[in-house]
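> Just the structure for this:
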Amino acid sequence: PQGPFAEAQAQFLTPDEESVLALSKTLDEANMGVVAHYYMDVELQGVLTAVQKQQLKNSSSTNGSDSAISRIAIADSLAMGDHAVKMCQDGATSIACLGVDFMSESVATILTRNGFGHIPVYRATSRSIGCSLAESAEQESYRAWLQKGMAENDNALHVVYINTSLETKAVSNSIVPTITCTSSNVMSTILQASVEVPDVKILYGPDTYMGDNLVTMLTSILDAGWDDDKIASDLHPKHNRESLKTLRDNIDVFPHGNCVVHHMFGNEVVNTVKRNYDDAYVTAHLEVPGEMFEIAMEKSLDGSGVVGSTSDILKFISAKVAEAAAEEGANANGEKKRRLKFVLGTEAGMVTSIVKSVQDILEKSSCRTVEAEVVFPVSSEAVMGVDDDDSTNLDLGVVPGVAGGEGCSTAGGCATCPFMKMNDLDALSDIAEMVIQQKEDGNNNNSKNEMKLKSHLPPQRLHGMKINGIDAIDLGSEPILFMRHFMKEKAMSQSLLQKIKA
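Residues are numbered from 1 along each chain as shown. You can find the predicted model right below:
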C-alpha cells in the first residue's frame, strides 16, 4: 500500500483471528443474519468476509459445496433485501442491516412482502443514519419538480433511484407514476419504458450526476457512430438511432441532488487521473460527476473502463484479472510480473470485496505473475498541510483517513461515506449481544433491553399513514414491485403502463 489511507485500509484485509471467532460465535448464538453494503468500514468488512468464509466452509462440509449457506452477505442495496430473504428461509430469526436508514427500511419491506414481516431488522445504531442523496428527494423542491413534470407532460414516468426512503417513493408515486431503479438497471429501465411508451417523458431523480450521465451515455453512443444494427444488438433490440435521440431529449433530470462521496470526483481528480494513470483501467459509478464519468465512458467503449453500479465495477475488475491470469497461464512466461492498474471511481469501501475477488481468482488459477493495483483518487481540498517553519516542508500533506487521525472529509480525500461509517464492528457485536439477552429475558416486551432494541428498528414514518386514501407503505412499495416485475419479465408492468397513460 502507498499513502496513509491505503495503508490504513490494507491493515484490516487480514483480520484478527480472535475478532473473527468472537463475532462468529455471537452471531451464531443470536441466530442472526447480516446484510452489509459494499461501502462498510474496511475493518468490519474484513471480519465479516472472514466469518462468511468460515460459515461457507462449515456449511459445505455438512451440506455439500453446492448447498453451502452463509448468513453474511456484502452486496449492493437491492441485493441486500434478497439475501435477507434467503437467510430467513434458512432459519435466521433476526437480521442486522449495515447501511444507511433507507436500506434497513427497504430490507424490512422486502422481508414483509416475502412473508417474513415478523423477523426484526436491526440497524447498527439507534441514531439516524442519513444520506445526502436520499434527503435531497425529501425536500419540497423535489415534490414541486414532480408536480411540474406531471402537469406539463401527458405520459410522464418518474424513475426514482432505489437509494431513497420509502416515504419518498410513496409521496412521489402519489404525484406521478413511479418505478424504482438501481445503478445496474437504470439504463435498461428507461430503454424499455421508451419502447412501450414511445413518447414517455422520463423524470429522473434525485441523483443529478447519474441523470446527467445517462444523457451523456446516450450522446456518446450516438456520437461514436453506432448504427441501427449495433444499437439493436448491443443496447436494445427495439431501439435505433432515431429512438435513442428521442429518449435522450425526453429525459428531465432533477437538478439539485448528489452524494457527498461521489461529489469529490471532480475536475482536479480527473486531471490527476489523466496525467498519472492514462494506462490504467478506469471505473466510475454512475453517481460521479460528469468529468470523471466521461473518462470511464470513453475507455469503456474499447474495453478499458466501465461505468455502472458497484456490482458492475466489481465484475469488471474481476473479469480483467481472470482474463490476465488465463493469458499468463497460457503463455507461461516465467516469473515476469504483470500489473493491472484500476482507478476506483467510487466509495473506497469497495476495496475489501475487490481484494477478496482478486485473491480468489489468482489462487484458483495458481497464477503468481499477475498483480492488481487499486488507485484511490485524492482531492487536495481534503489534504491537510503540515505546519512547519522549514520552507522545504511546505509541500507536505497528510491525507485525511484513519492513519491521518482525522476521519474523512465530505470534500473528498479518501472517498468514504461518513454515514456508512456509523456502522462498525463494536456496534454489530452489541446488537447481537442485545438479541441474545432478549432471548434470555424471555422476550419480555417491557424489559430495558427490549426497549433499546426497538430504537434500532428501521424508521417507522409511514406506519398507519394514508396518502390520498391509500396505505402509504403500499404506495411506497409499489414502485419497487414495478421494478421487480421489469427485472423478471423484461417488460413494464401492465398496471404501470395503465397509470402512465391514464
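
> quick one, helices of the stretch 251-400 of the chain?
267-276, 290-300, 310-331, 351-365 (DSSP state H, counting those that start in this stretch).

> next one: the stretch 1-150 of the chain
Using DSSP H, counting those that start in this stretch, helices in the stretch 1-150 of the chain cover 4-10, 17-30, 42-63, 77-89, 101-113, 132-136, 140-152.

> Dump these into a markdown table; add distance to residue 493, mean pLDDT and mean neighbour count as well.
The C-beta positions use only the backbone N, C-alpha and C, and glycine is treated the same way. Below are those laid out as a markdown table (distance: least, C-beta to C-beta, whole Å; pLDDT from 0 to 100; neighbours: other C-beta atoms under 10 Å):
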| stretch | distance to residue 493 | mean pLDDT | mean neighbour count |
| --- | --- | --- | --- |
| helix 4-10 | 42 | 63 | 19 |
| helix 17-30 | 38 | 94 | 16 |
| helix 42-63 | 35 | 85 | 19 |
| helix 77-89 | 17 | 93 | 21 |
| helix 101-113 | 15 | 91 | 23 |
| helix 132-136 | 24 | 81 | 21 |
| helix 140-152 | 19 | 96 | 15 |
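
> Let's have the ones you listed in CSV, adding distance to residue 297.
Shown next, in CSV, are these (distance: least, C-beta to C-beta, whole Å):
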stretch, distance to residue 297
helix 4-10, 26
helix 17-30, 40
helix 42-63, 28
helix 77-89, 23
helix 101-113, 28
helix 132-136, 21
helix 140-152, 26
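
> Nearest to residue 209, out of the ones you listed?
Closest of these to residue 209 is helix 132-136, at 9.6 Å (criterion: C-beta to C-beta).

> how distant is the closest one from the center of its chain?
15 Å (C-alpha atoms, centre = their mean, to the nearest Å).

> ok so, going back, for the helices of the stretch 251-400 of the chain, which has the smallest mean pLDDT value?
When these are ranked by mean pLDDT, helix 267-276 comes last with a mean of 74.

> That one packs against which elements?
Helix 267-276 is packed against helix 290-300, with contacts defined by 3 or more C-beta pairs under 8 Å, 6 or more residues apart in numbering; DSSP states H and E.

> between the helices of the stretch 1-150 of the chain, which one is nearest to residue 316?
Between residue 316 and the helices of the stretch 1-150 of the chain, the shortest separation by C-beta to C-beta is 17.0 Å, and it involves helix 77-89.

> Out of the helices of the stretch 1-150 of the chain, flag the one nearest residue 435.
Per C-beta to C-beta, nearest to residue 435 of the helices of the stretch 1-150 of the chain: helix 17-30, 4.2 Å.

> and the closest one, what other elements does it pack with?
Against helix 17-30 (3+ C-beta pairs under 8 Å, 6+ apart) you get helix 42-63, helix 425-440.

> can you list those helices in a markdown table and add distance to residue 146?
A markdown table is the format used below for these (distance: least, C-beta to C-beta, whole Å):
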| stretch | distance to residue 146 |
| --- | --- |
| helix 42-63 | 36 |
| helix 425-440 | 36 |
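
> Between those, which one is closest to residue 327.
helix 42-63 (27.6 Å).

> Contacts for the closest one, please.
Contacts with helix 42-63, where a contact means C-beta atoms under 8 Å, 6 or more residues apart in numbering, come from 8-9, 12-16, 19-20, 23-24, 27, 34, 36, 40, 67-74, 98, 348-349, 351-353, 356, 423-425, 428.

> Could you pull up the contacting residues of residue 429?
Contacts of residue 429 (C-beta under 8 Å, 6+ apart): 22, 23, 26.

> residues touching the first one, list them.
With C-beta under 8 Å, 6+ apart as the criterion, the residues that contact residue 22 are residue 429.

> Give me the distance between the two termini of stretch 276-291.
16 Å (C-alpha to C-alpha, to the nearest Å).

> which parts of it are buried?
For stretch 276-291, a neighbour-count test (16 or more other C-beta atoms under 10 Å) marks 277, 280-291 as buried.

> how distant is it from the center of its chain?
That offset, for stretch 276-291, works out to 17 Å (C-alpha atoms, centre = their mean).

> oh, and call the first residue 34 from now on, that's how I've got it
Noted, 34 is the first residue going forward, which turns the last one into stretch 309-324.

> Kindly provide the distance from the spatially closest residue to residue 526 that is not a sequence neighbour to residue 376.
Closest residue to residue 526 apart from its sequence neighbours, by C-beta to C-beta, 6 or more residues apart in numbering: residue 518 at 4.4 Å. For residue 518, the distance to residue 376 (C-beta to C-beta, to the nearest Å) stands at 36 Å.

> Neighbour count: these two, which is higher?
It is residue 376, of residue 518 and residue 376, that has more neighbours when counted by other C-beta atoms under 10 Å, with 25 against 17.

> Now do the same for that one: its pLDDT.
87.

> likewise the one 4 residues further on?
In this model, residue 380 is scored at 70, pLDDT.

> Equivalent analysis for residue 65, please.
97.

> Who are the contact partners of the closest residue to it other than its chain neighbours?
Once flanking residues are discounted, residue 65 sits nearest to residue 127: 4.8 Å by C-beta to C-beta, 6+ apart. By C-beta under 8 Å, 6+ apart, residue 127 lies in contact with 63, 64, 65, 66, 152, 153, 154, 155, 468.

> hang on, the earlier thing: nearest to residue 529, of the helices and strands packed on helix 50-63?
helix 75-96 (36.5 Å).

> quick check: angle from that closest one to helix 384-398?
Counting by axes from the mean of the first three to the mean of the last three C-alpha atoms, to 10 degrees, helix 75-96 points 40 degrees away from the direction of helix 384-398.

> So what pairs up with residue 408 in the strands?
residue 376 (DSSP bridges).

> Quick check: the gap between the residue at minimal distance from the centre of the chain and residue 287.
Note on the chain: the residue nearest the mean C-alpha position is residue 109, at 4.2 Å, using C-alpha atoms, centre = their mean. Distance, residue 109 to residue 287, by C-beta to C-beta: 22 Å.
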